[in-house]
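S.K.: Predicted coordinates and the sequence they were generated for:
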Amino acid sequence: MKTLFKGAVLSLSVVLLGGCSSVSDSLSGIGGSAEPLKIVAATELEDLQPAIERASDELGFDIQLSFPGGTLSNSQALKEGAFDQEFDATWFATNRYVDLIGASGKLGETTKIATSPVAFGVNSAMAQQYGWDQRQPTWVELGEASQSADFTFGMTDPATSNSGFSALVAMATAYADTGQALTENDIPAIASPMSTFLAGQTITSGSSGWLKDTFLEQSNRANAIINYESVLNTMVEDEGADITVVVPADGVVSADYPLSTINGSEQQDQVAALAQWFAEHPETLTDTFRRPTTANSTLPAALSRQSIIEAPFPGSKTITDALIDAYTNQFRVPGETTFVLDVSGSMEGERIALLKETMSDLITGDATTELANVSLRDREKVSIIPFSFGPHEVINETLSAVGSPSRNHVQQQIETLHADGGTGIYDAVLAAYGESIGGEYIPSIVLMTDGELTAGRNYQDFLAEWNALPDTIRAIPIFIILYGEANVAEMEELAKTTGGKTFDAINGDLDEAFKEIRAYQ
């Protein structure tokens, strides 16, 4: 890194003053009239914004971070040229996905800034029960606890989130136990133990932030969470979470936070200077519980008590795609998804046509994003409740593979939908709670409405009946797609109350909103 920085300094003709020993001293005026250094970063790095502001002050040039998405979606956007001429550097959790999708040619010089393994945050009483507060368990030991049914956890969807993706790779590699990177041939052999381990998953999410908040606010839904070690320790430090951070002893996949120049940028000197600044200020990284790559850095006690073994990473996207497909349709706990769909008169015309087309894509396997296929999954229990003045007849089916009679039946029912009548939102939502059985499923409700309430129970009526439901039923989140003239404030309150989330399609794409929700189901 010192060699890289030396080249940057020479190219800028910086005069080193006597006694100058750091990048901040030698480059105190580098930014003068230069353009800002624009970095596209993964959302999990937002907590380093204060460090960036300090670096900007000390280095003498403006540094601007943007957080358009997570590491996987940002990597895909990089490949498609979305950041060309707009940004000077990338700062993702890792560049592994960039390499897998063939986008590494977009990047130039790269410096790994810090590391943070994907780990478990386990309810402290449970960690003590198993002795994990004194030693690091293996993945097999964690799986045995999951099999006992008292160890449950939340994890982000590996098709859309790097923390879930990294956890899945590390778990699969440990169970394959070949001493080598996972291969496609290993995947069938690990189906049974992987399914047993993942039987303990009770929460899935497309967002690490939503997963963390749900875990903190709804402690009855899971007693552990999978996330970056840095996030888990910050939960303890800043939010008082009663968890013990547990790093599996036999291999993890760590974020390594590479700061990489985007080819074509003329700001490579500033990128190099920023990388060196972090090397000289490791405390800015350990303050957020990340492990600096600088040799001999002093780690806080929360990090130094656990050792890290890096699991070998698969060598091709074919392998990771096969693993994610197996997770989606075979390994994970199936979803129990109830769609509550507004078919009131205001949906007539283009709106009802688009709704039917969107639902059709989900059913037939044609719903895809840049990252993954997000269609309804094999084994998923699906209920569809169309509503106008009140709920219509419920469409129920447990789905088999694409093209199966179960999917054909649901597709035929969707084609019969037509728009007419008023909008009885809360009667339909309460009917959805009546359809949920929980048990060996991850349940969720999706409400799509394009208007305000005009019929049936109001929000206060709903709350009175919802509060009387059993805890296991009230724990089912409602994910709401705001469309048309929906009452935004009331719908956001409904989502917040039930532990769900809103997705805005009022000025956007209804199809994309349905797809985005799939990571939470």
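M.R.: Received the coordinates, thanks. Numbers count the residues shown, from 1 in each chain.
S.K.: Show me what the helix or strand harbouring Leu303 is packed against.
M.R.: Here Leu303, judged by DSSP states H and E, is contained in helix 301-304. On a contact count with 3 or more CB pairs under 8 Å, 6 or more residues apart in numbering; DSSP states H and E, helix 301-304 meets helix 229-239. All C-beta spots, glycine's among them, are computed from the backbone N, C-alpha and C.
S.K.: From the chain's centroid, how far away is the next helix or strand after the helix it packs on?
M.R.: Sequence order places strand 243-246 as the next helix or strand after helix 229-239, per DSSP H and E. Strand 243-246 has its C-alpha centroid displaced from the chain centroid by 20 Å (CA atoms, centre = their mean, to the nearest Å).
S.K.: hang on, the earlier thing: and the next helix or strand after the helix holding Leu303, what other elements does it pack with?
M.R.: Once the chain leaves helix 301-304, the next helix or strand it forms, by DSSP H and E, is helix 317-326. Under the contact criterion of 3+ CB pairs under 8 Å, 6+ apart, helix 317-326 touches helix 162-176, helix 186-189.
S.K.: let's go with 10 Å and repeat that
M.R.: For helix 317-326, the elements it packs on are helix 96-100, helix 162-176, helix 186-189, helix 191-198, judged by 3 or more CB pairs under 10 Å, 6 or more residues apart in numbering; DSSP states H and E.
S.K.: Can you say which of these is nearest to Phe514?
M.R.: Closest of these to Phe514 is helix 162-176, at 20.2 Å (criterion: CB to CB).
S.K.: Using PDB, write out the CA atom coordinates for that closest one.
M.R.: What follows is helix 162-176 as a C-alpha-only set of coordinates in PDB (Å, rounded to 0.1, in the frame of the first residue of the first chain):
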ATOM      1  CA  ASN A 162     -24.400 -10.200   0.600                       C
ATOM      2  CA  SER A 163     -24.700 -11.100   4.300                       C
ATOM      3  CA  GLY A 164     -27.200 -13.900   3.500                       C
ATOM      4  CA  PHE A 165     -25.200 -14.900   0.400                       C
ATOM      5  CA  SER A 166     -21.900 -15.100   2.400                       C
ATOM      6  CA  ALA A 167     -23.600 -17.100   5.200                       C
ATOM      7  CA  LEU A 168     -25.100 -19.600   2.700                       C
ATOM      8  CA  VAL A 169     -21.700 -20.200   1.000                       C
ATOM      9  CA  ALA A 170     -19.900 -20.700   4.400                       C
ATOM     10  CA  MET A 171     -22.600 -23.000   5.700                       C
ATOM     11  CA  ALA A 172     -22.600 -25.100   2.500                       C
ATOM     12  CA  THR A 173     -18.800 -25.300   2.300                       C
ATOM     13  CA  ALA A 174     -18.600 -26.500   6.000                       C
ATOM     14  CA  TYR A 175     -21.200 -29.200   5.400                       C
ATOM     15  CA  ALA A 176     -19.500 -30.300   2.100                       C
END
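S.K.: that older thread, would you mark the buried spots in the helix holding Leu303?
M.R.: Buried residues in helix 301-304, counted by 16 or more other CB atoms under 10 Å: Ala302, Leu303.
S.K.: Same question for stretch 431-441.
M.R.: Buried, per 16+ other CB under 10 Å, within stretch 431-441: Ala431, Ala432, Tyr433, Glu435, Ser436, Tyr441.
S.K.: Quick check: end-to-end length of it?
M.R.: Terminal residues of stretch 431-441 lie 18 Å apart, using CA to CA, to the nearest Å.
S.K.: ok, Asn373 touching Thr328?
M.R.: Yes. Applying CB atoms under 10 Å, one finds Asn373 in contact with Thr328, separated by 7.9 Å.
S.K.: quick one: common contacting residues for those two?
M.R.: Here Asn373 and Thr328 share the contacting residues Ala159, Arg518, scored by CB atoms under 10 Å, 6 or more residues apart in numbering.
S.K.: So which of these two has more stuff around it?
M.R.: Thr328 (22 against 19; other CB atoms under 10 Å).
S.K.: In terms of pLDDT, where does the nearest residue to Ser254 once chain neighbours are set aside sit?
M.R.: Using CB to CB, 6 or more residues apart in numbering and skipping residues adjacent in sequence, the residue nearest Ser254 is Pro117, 4.2 Å away. On the pLDDT scale, Pro117 is placed at 98.
S.K.: So Pro117 belongs to a strand, correct?
M.R.: Yes. Counting by DSSP: H, G, I helix; E, B strand; the rest coil, Pro117 is found in a strand.
S.K.: quick one: it and Glu310 touch, right?
M.R.: Yes. Using CB under 10 Å, Pro117 is in contact with Glu310, at 8.1 Å.
S.K.: So if I had to pick from these two, which one is more boxed in?
M.R.: Neighbours of Pro117 and Glu310, each counted by other CB under 10 Å, are more numerous for Pro117; the result is 26 against 13.
S.K.: Report the contact partners of that one.
M.R.: 166-167, 170, 228-230, 245, 247-248, 251-256, 291, 303, 306, 308-311.
S.K.: one more time with 8 Å
M.R.: Tyr228, Glu229, Val247, Val252, Val253, Ser254, Ala255, Ile308 (CB atoms under 8 Å, 6 or more residues apart in numbering).
S.K.: between those, which is closest to Lys106?
M.R.: Ala255 (19.5 Å).
S.K.: Can you tell me the closest non-neighbouring residue to that closest one?
M.R.: In this structure, Ala255 finds its nearest non-sequential neighbour in Ala93, 3.8 Å apart by CB to CB, 6+ apart.
S.K.: what about that neighbour, which SS state?
M.R.: Ala93 - assigned by three-state DSSP - is coil.
S.K.: hang on, Pro300 packs against Phe289?
M.R.: Yes. Counting by CB atoms under 8 Å, Pro300 touches Phe289, with 7.0 Å between them.
S.K.: Looking at those two, which is more packed in?
M.R.: Comparing Pro300 with Phe289 by neighbour count (other CB under 10 Å), the higher total belongs to Phe289, at 24 against 14.
S.K.: Next one: the more buried one from Glu283, what distance?
M.R.: Separation of Phe289 from Glu283 (CB to CB, to the nearest Å): 12 Å.
S.K.: what do you get for Thr111?
M.R.: Taking CB to CB, one finds Thr111 at 18 Å from Glu283.
S.K.: between those two, who's got more neighbours?
M.R.: A direct count of neighbours by other CB under 10 Å for Thr111 and Glu283 places Thr111 higher, at 20 against 12.
S.K.: give me the beta-bridge partners of the more buried one?
M.R.: Beta bridges link Thr111 to Leu259, judged by DSSP bridges.
S.K.: before we move on, the earlier item: from the contacts of Pro117, which would you call buried?
M.R.: Members of the contacts of Pro117 classed as buried by 16+ other CB under 10 Å are Tyr228, Glu229, Val247, Val252, Val253, Ser254, Ala255, Ile308.
S.K.: Considering these, which is situated nearest to Glu144?
M.R.: Nearest to Glu144 among those, with distances taken as CB to CB, is Val247, at 17.4 Å.
S.K.: From what I see, the closest one and Ala311 are in contact.
M.R.: No. At 11.7 Å, Val247 does not count as touching Ala311 under the criterion of CB under 8 Å.
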